[in-house]
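K.L.:
this is the structure alone, sequence omitted:
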């Protein structure tokens, strides 16, 4: 997956409707349901047995940078635009991008104490522009990163969610760092709120993908 | 503040409450005491950590007893989240118009906005049965601070825990990410969602008060002397006496398998009226099967004990159980949690 270099303002990169995104090659990433037996809650393992999880099976991914910021644009079909908890029994739609902080961290279990992972998380009920930056050291251990430098913008257009994450390429602290002409690992996750997907109940790209920063 | 986190297994001590359903008059003072203390902020309008419902009735949220959760043979049972319409939402009233808008004489206090279809006390006093044998009683409900809390077990993030020093079930809101598996798993449907802050919330057994030897607000504010509060291992205290010695205080729906720590003295109720309008002392007006459905088969022995002890006092004899239930000394209902909260400088 190439992260192409473009001379664009960060505000343009962050705009999921920006015409420039149409010119950037997209990659279709196959998603699958997270395995139920690895969920950290006994209740979830029992109550969700037999229920379909991981509604979204394919994700369109594009990536670009402008020398300062890296932007990752996700797009997937979703008939229901779930911006909130609706009648109280559904969840807002969400998406996440995950990076290992050390080598090939375990993806399925969201890292480990030795090899944590860094997540950028967007949820449809977060204030526009806002993303959460999180660190995980295993399933159920997600914690906010000490500093949030990621932004996200989204739009639901003709039955599809379009979400762009943007963050400076190089940052300090406990976060993934990118360098031009270097590769990085990345993984993706989508939560279909109408199917009550939240927490570990989601669709995810089953392996780390390679991001090659041009 | 919350001291010791203990996820599973037994705790060192366990707080408990006993509600006497023969004394509860359904005044909702407990509900309001809790409401004004804890759920007074935005997005907590529909949250009533303590509710009093008329039984038989559908309860709050509506038909909560059909929503699953809890355990069967130790296995977690699937539950479902209640809909906002089943909670009934928080209602808005035209307070401004009536109290401050100068229209106090031309209009009346009424609900404004979307017409609600349910609420925390919707089917008040409806009950069941046919005249002259209609019956109902009140059932106050709050988080049961269960010995086997399904909510704690369900949280994938260990955001919930049961304190070892008193068995109070609490949530670390900084860890809660609003997944609501706790609410799904709670068979008593006593976990609410704060839509604004994206965290679940429930009764905290007034732990800041308990830590200062003040009984929870719902218990202390009860004007009917219908609530006892104390530790289950305080063997001489009224709570342990009612639960363990006399065995007249029972948990609601013991079949849910969570070992609830809120106990109820079942309602004895009046005898049935026969067709000739004489009392049929043999037949209780509240059907035993109905009470068994709520409190399990042990309700029979509890009611038998209550009737026997009541007969003693009727016949001029002494009954220690009846003395406890009468509660001659209000403060004895909470000892040693009988400190006056007004004396405390709260931070």
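P.N.:
Thanks, I have it. Predicted model, so just to flag it, every value in this text is computed and none were measured.

K.L.:
what's the helix or strand for the most centrally placed residue in chain A?
P.N.:
For chain A, residue A:96 is the residue whose C-alpha lies nearest the centre (CA atoms, centre = their mean; 1.9 Å). In this structure, residue A:96 is located in strand A:94-100 according to DSSP states H and E.

K.L.:
how about that strand, which residues are buried there?
P.N.:
A:94-100 (16 or more other CB atoms under 10 Å in any protein chain shown). (Glycine included, C-beta is placed from N, CA and C.)

K.L.:
which parts of chain A sit against chain B?
P.N.:
With CB under 8 Å from any CB of the partner chain as the criterion, chain A meets chain B at residues A:39-44, A:46-48, A:84-85, A:87-89, A:125, A:139-142, A:196, A:198-200.

K.L.:
returning to what we had before: and the next element down the chain from the strand holding residue A:96?
P.N.:
Following strand A:94-100 toward the C-terminus (DSSP H and E): strand A:117-123.

K.L.:
quick one: residues in contact with that following strand.
P.N.:
By CB atoms under 8 Å, 6 or more residues apart in numbering or on different chains, the residues outside strand A:117-123 that reach it are A:72, A:92-101, A:105, A:107, A:110-111, A:131-137, A:142, A:145, A:150, A:152, A:154, A:163, A:165, A:167, A:174-176, A:191.

K.L.:
format the buried residues of strand A:94-100 as TSV; extra columns: distance to residue B:246 and pLDDT.
P.N.:
Below are the buried residues of strand A:94-100 laid out as TSV (distance: CB to CB, whole Å; pLDDT from 0 to 100):
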residue	distance to residue B:246	pLDDT
A:94	52	98
A:95	57	98
A:96	55	98
A:97	61	98
A:98	58	98
A:99	62	97
A:100	61	97
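
K.L.:
just to revisit the earlier point, narrow the residues of chain A next to chain B to just the buried residues.
P.N.:
Buried among the residues of chain A next to chain B (16+ other CB under 10 Å): A:39-41, A:43-44, A:46-48, A:85, A:88-89, A:125, A:139-142, A:196, A:198-200.

K.L.:
of all of the stretch 101-250 of chain B, which residue lies closest to chain A?
P.N.:
Of all residues in the stretch 101-250 of chain B, the one sitting closest to chain A is residue B:154 (3.5 Å; CB to the nearest CB).

K.L.:
what is the burial count for that residue?
P.N.:
26 (other CB atoms under 10 Å in any protein chain shown).

K.L.:
ok, now the one 3 residues further on?
P.N.:
Counted with other CB under 10 Å, the burial measure for residue B:157 works out to 20 neighbours.

K.L.:
which ones are touching it?
P.N.:
A:40, A:140-142, A:199, B:175-177, B:179.

K.L.:
any chance of a markdown table for those, columns secondary structure, distance to residue B:130 and pLDDT?
P.N.:
Shown next, in a markdown table, are those (DSSP: H, G, I helix; E, B strand; the rest coil; distance: CB to CB, whole Å; pLDDT from 0 to 100):
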| residue | secondary structure | distance to residue B:130 | pLDDT |
| --- | --- | --- | --- |
| A:40 | coil | 52 | 93 |
| A:140 | coil | 53 | 94 |
| A:141 | coil | 58 | 96 |
| A:142 | coil | 57 | 96 |
| A:199 | coil | 49 | 97 |
| B:175 | coil | 52 | 97 |
| B:176 | coil | 47 | 98 |
| B:177 | coil | 50 | 97 |
| B:179 | coil | 46 | 98 |
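
K.L.:
and those, which two are the farthest apart?
P.N.:
The most widely separated members of the contacts of residue B:157, counting by CB to CB, are A:40 and B:176 (14.8 Å).

K.L.:
count the neighbours of the residue nearest to residue B:143 when sequence neighbours are not counted for me.
P.N.:
Spatial nearest neighbour of residue B:143, excluding adjacent residues (CB to CB, 6 or more residues apart in numbering or on different chains): residue B:203 at 3.7 Å. As a burial measure, residue B:203 scores 27 neighbours (other CB under 10 Å).

K.L.:
hang on, the earlier thing: please narrow the buried ones among the residues of chain A next to chain B to those residing in helices.
P.N.:
A:43-44, A:46-47 (DSSP state H).

K.L.:
for those residues, which one is nearest residue B:118?
P.N.:
Nearest member of these to residue B:118, counting by CB to CB, is residue A:47, at 25.0 Å.

K.L.:
wait, what's in contact with the residue nearest to the closest one when sequence neighbours are not counted?
P.N.:
Nearest residue to residue A:47, sequence neighbours excluded (CB to CB, 6+ apart): residue B:78, at 3.8 Å. By CB under 8 Å, 6+ apart, the residues touching residue B:78 are A:46-48, B:68-69, B:184.

K.L.:
how far away is the residue of chain A positioned farthest from its centre from residue A:124?
P.N.:
Most distant residue from the mean C-alpha position of chain A: residue A:46, 26.7 Å away (CA atoms, centre = their mean). According to CB to CB, to the nearest Å, residue A:46 and residue A:124 sit 28 Å apart.

K.L.:
swap in residue B:273?
P.N.:
Computed with CB to CB, the distance linking residue B:273 and residue A:124 is 59 Å.

K.L.:
these two: which is more packed in?
P.N.:
When residue B:273 and residue A:124 are compared for neighbours, residue A:124 comes out ahead with 20 against 15, by other CB under 10 Å.

K.L.:
thought residue A:194 was touching the more buried one, still the case?
P.N.:
No: judged on CB atoms under 8 Å, residue A:124 makes no contact with residue A:194 at a distance of 11.1 Å.

K.L.:
list residues touching both of those two?
P.N.:
Common neighbours of residue A:124 and residue A:194 (CB under 8 Å, 6+ apart) are A:82, A:93.

K.L.:
and the residue nearest to residue A:47, what pLDDT?
P.N.:
Residue B:78 is assigned 97 on the pLDDT scale.

K.L.:
mind listing the strands the strand holding residue A:96 pairs with, and their directions?
P.N.:
If you go by DSSP bridges, strand A:94-100 pairs up with strand A:117-123 (antiparallel), strand A:183-191 (antiparallel).

K.L.:
after the shortest one, next one along is what?
P.N.:
Scanning forward in sequence from strand A:117-123, with DSSP H and E defining helices and strands, the next element found is strand A:129-130.

K.L.:
which strands or helices does that following strand pack on?
P.N.:
Here strand A:129-130 touches strand A:151-157, going by 3 or more CB pairs under 8 Å, 6 or more residues apart in numbering or on different chains; DSSP states H and E.

K.L.:
what packs against the strand it packs on?
P.N.:
Against strand A:151-157 (3+ CB pairs under 8 Å, 6+ apart) you get strand A:117-123, strand A:129-130, strand A:160-168.

K.L.:
chain B versus the residue nearest to the centre of chain A, what's the distance?
P.N.:
Going from residue A:96 to chain B by CB to the nearest CB, to the nearest Å gives 12 Å.

K.L.:
what residues does chain B have near chain A?
P.N.:
Residues of chain B found near chain A (CB under 8 Å from any CB) are B:75-87, B:150, B:153-158, B:177-181, B:184-185, B:193, B:195, B:198.

K.L.:
got a ChimeraX select line for the buried ones in those residues?
P.N.:
Restricted to buried positions by 16+ other CB under 10 Å, the ChimeraX selection for the residues of chain B next to chain A reads:
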select /B:76,77,78,79,81,82,83,84,86,87,150,153,154,155,156,157,177,178,179,180,181,184,185,193,195,198
